[in-house]
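Q: 3D model of this:
(2 chains)
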Amino acid sequence: MDGPRRVMCVEDDADIRMILEFSLQRLGGYELCLCASGQEAIDRVAVFSPDLVLLDVMMPGLSGPQTLELLRKQPAMSGVPVVFLTAKAMLNEVEDLLQHGATGIIVKPFDPVKLPENVQFYWQHGRGPRP
Amino acid sequence: MAADPDPESLDPALAAQFEQIRQTFVSGLPRREREIDSATNPGALQGALHRLAGAAGGFGYPTLGELARESLLAHEAGDATRLTSSLACLKAELRRLSEG
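A: Below you'll find the predicted structure:
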């Protein structure tokens, strides 16, 4: 399969992590690394070496944008697409998030049946060197 | 905006798994209501509403998600009257689903 195999999901809500697991692992067949915080993602990213990261925007502790900034400093994250998950989708917020270096935005709630297709799309269109 | 997954599009084994995680979500709704009730600062209430707004639709409860989102918007707008009203609707829906 030409597509991502290893997806890291960073999300503080346990129920949303559960539906991410159902959607991406059971439906999509991806190998997942589920992280409950930005710090956990930073601690685990080098070992897991994801092909793509889904990153919640609003989390206690490190926010999504703060986490992205720290993830981008890690060699394992070179060229890896990062897609923000957000419950808000105001246009100005989307522009802000993309300016942080995100590949794209997925709005919560998402359809768990369609999420694997969205991940595939962002992987195909989002790879490459990043500043 | 709200997702409304169609379990009928899944094969029976996956549909059964999805139903199981839906039930886990529903069983956690009283905890979410307590989080909203016990929020002692604006950030805690915002976080509780934000998480519920982001989760509910994905489990097939778009009305619950929209009510949480409406409460979140009222909270962020600082509109106390609208917040009181929307929270009452949200909590009624939480109880309806919990007692389902």
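
Q: Every contact and neighbour count from this point should use C-alpha atoms.
A: Noted.

Q: which strands and helices sit next to the helix or strand containing B:R22?
A: For B:R22, the element it lies in under DSSP states H and E is helix B:12-27. Under the contact criterion of 3 or more Cα pairs under 8 Å, 6 or more residues apart in numbering or on different chains; DSSP states H and E, the helices and strands touching helix B:12-27 comprise helix A:14-20, helix B:80-99.

Q: Out of the ones you listed, which is closest to B:A13?
A: B:A13 lies closest, by Cα to Cα, to one member of those: helix A:14-20, at 15.7 Å.

Q: Need the residues that contact the helix holding B:R22.
A: Residues external to helix B:12-27 that are found in contact with it (Cα atoms under 8 Å, 6 or more residues apart in numbering or on different chains): A:15, A:18-19, A:22, A:26-27, B:7-8, B:59-60, B:97-98.

Q: same thing but at 7 Å, please
A: Contacting residues not belonging to helix B:12-27 are listed as A:15, B:7, B:59, B:97-98 [Cα atoms under 7 Å, 6 or more residues apart in numbering or on different chains].

Q: With stretch B:80-97 instead?
A: Stretch B:80-97 has contacts (Cα under 7 Å, 6+ apart) with B:26, B:29, B:33, B:64, B:67-68, B:70-71, B:74-75.

Q: pLDDT below threshold where in chain B?
A: Counting by pLDDT under 70, chain B contains low-confidence residues at B:1-8.

Q: Need the residue closest to the centroid of it.
A: The centre of chain B sits closest to B:L52, judged by Cα atoms, centre = their mean, with a distance of 4.0 Å.

Q: Figure out the helix or strand that it lives in.
A: When the helices and strands are read off by DSSP H and E, the one containing B:L52 is helix B:42-55.

Q: count of neighbours near B:R51?
A: When counting by other Cα atoms under 10 Å in any protein chain shown, one arrives at 26 neighbours for B:R51.

Q: Now do the contacts for it.
A: Contact partners of B:R51, counting by Cα under 7 Å, 6+ apart, are A:D13.

Q: if you set the cut-off to 10 Å instead, what comes out?
A: Listed by Cα atoms under 10 Å, 6 or more residues apart in numbering or on different chains, the contact set of B:R51 reads A:11-16, A:58-59, A:86-87, A:108-109, B:32, B:65, B:68-69.

Q: Just the buried residues from those, in ChimeraX please.
A: Here is the ChimeraX selection string for the buried members of these, based on 16 or more other Cα atoms under 10 Å in any protein chain shown:
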select /A:11,12,13,15,16,58,59,86,87,108,109 /B:32,65,68,69
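
Q: Single out whichever of the contacts of B:R51 has the smallest pLDDT.
A: Lowest-confidence member of these: A:A87, scoring 80 (pLDDT).

Q: For that one, which non-adjacent residue is spatially closest?
A: A:K108 (4.6 Å; Cα to Cα, 6 or more residues apart in numbering or on different chains).

Q: can I assume the one you found is in contact with B:G57?
A: Yes. A:K108 sits in contact with B:G57 when judged by Cα atoms under 10 Å, with a separation of 7.9 Å.

Q: so how far is A:F22 from the closest residue to A:L85 other than its chain neighbours?
A: In space, not counting the residues next to it along the chain, A:L85 is nearest to A:D56; the distance is 4.5 Å by Cα to Cα, 6+ apart. Distance of A:D56 to A:F22, computed by Cα to Cα, to the nearest Å: 17 Å.
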